[in-house]
Every structure is written in C-alpha cells, then in structure tokens.
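Student: Fold the stuff below for me.
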Amino acid sequence: QVQLVESGGGLVQAGGSLRLSCAFSGRPFSTYGMGWFRQAPGKEREFVAASSWNGGSTYYADSVKGRFTISRDNAKNTVFLQMNSLKPEDTAVYYCAADQFQTPRAPERIDYWGQGTQVTVSS
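Tutor: Below you'll find the model as predicted:
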C-alpha cells in the first residue's frame, strides 16, 4: 500500500514562494508517476503539475506554467512542488497523487492520494 505525506504548506504573501514536499512509501517509487492537484473551497479538485514515472516528462496547468516547478528525487522517494510568484488565486489545499506507470493528470483516475496541505496566499 502506497502512503503519501505532504508538507510545506503555509501562509505567504502574494509574490512569495513555497516549496511543497511529498514523501512516498510502500512501493517502488521509480515506477510511479507523481502529481500535484489542488482544491479551493467550493471548487472541484484540479490538476496542477505532474512528473512521468521515468522522470522524463513534466506537465503543468496553464495557470501555473512558468511559476511552479515539479521535481522528484528518486533516492529520497520524494516529489517537490516549487511555487514562485504566488497569487491569491493559488490558495487551496494541495494534494500529492501517485499512479503506477502512468502520469497522474486526471483526478478521477488517481491510484493514491495524500492527505493534503493548505496553502494560503494573502493579497
């Protein structure tokens, strides 16, 4: 059974930066595509960024392209989301996601979810 534990959320002013981490355990990390999703109050969960299982490709939502960067450290079984130039509309609970041999980009097709970490961006 895969376990995902996010950390790094918090309160930041607009224009600031945060780095989210997701620690993966339970299965071979290198066989899992990893992704980040977010859900704001009253809204559906949406795709933010993803890394293919072999680390060869990354994908981003248009709303975060150029500001967010996803990366993975296979030696530490961890995936990161570096978030720069944060905006109030980035405020949401951010969830880590994992799919074996797939790139997690559709929230209805995710194998495993983390518990989420709150990111709040003040104006």
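Student: Report back the residue of this protein that's furthest from centre.
Tutor: residue 123 (22.6 Å; C-alpha atoms, centre = their mean).
Student: Counting neighbours, what do you get for the residue lying closest to that residue once chain neighbours are set aside?
Tutor: Spatial nearest neighbour of residue 123, excluding adjacent residues (C-beta to C-beta, 6 or more residues apart in numbering): residue 88 at 4.7 Å. C-beta: built from backbone N, CA, C; applies to glycine. Neighbourhood size, residue 88 [other C-beta atoms under 10 Å]: 11.
Student: Mind telling me what element the spatially most central residue of the chain is part of?
Tutor: A centroid search over the chain (C-alpha atoms, centre = their mean) returns residue 36, at 2.2 Å, as the residue closest to the centre. Element membership for residue 36 (DSSP states H and E) is strand 32-39.
Student: which strands and helices sit next to that strand?
Tutor: Contacts defined by 3 or more C-beta pairs under 8 Å, 6 or more residues apart in numbering; DSSP states H and E place strand 32-39 against strand 18-25, strand 46-51, strand 68-73, strand 78-83, strand 92-100.
Student: rerun that using 6 Å as the cut-off
Tutor: When contacts are defined as 3 or more C-beta pairs under 6 Å, 6 or more residues apart in numbering; DSSP states H and E, strand 32-39 sits against strand 46-51, strand 92-100.
Student: The longest one - contacts with which helices or strands?
Tutor: The one in question is strand 92-100. With contacts taken as 3+ C-beta pairs under 6 Å, 6+ apart, strand 92-100 sits against strand 32-39, strand 112-113, strand 117-122.
Student: which one of the ones you listed lies closest to residue 21?
Tutor: Residue 21 lies closest to strand 117-122 among these, at 9.0 Å (C-beta to C-beta).
Student: now the closest one and strand 78-83, what's the angle there?
Tutor: 10 degrees (axes from the mean of the first three to the mean of the last three C-alpha atoms, to 10 degrees).
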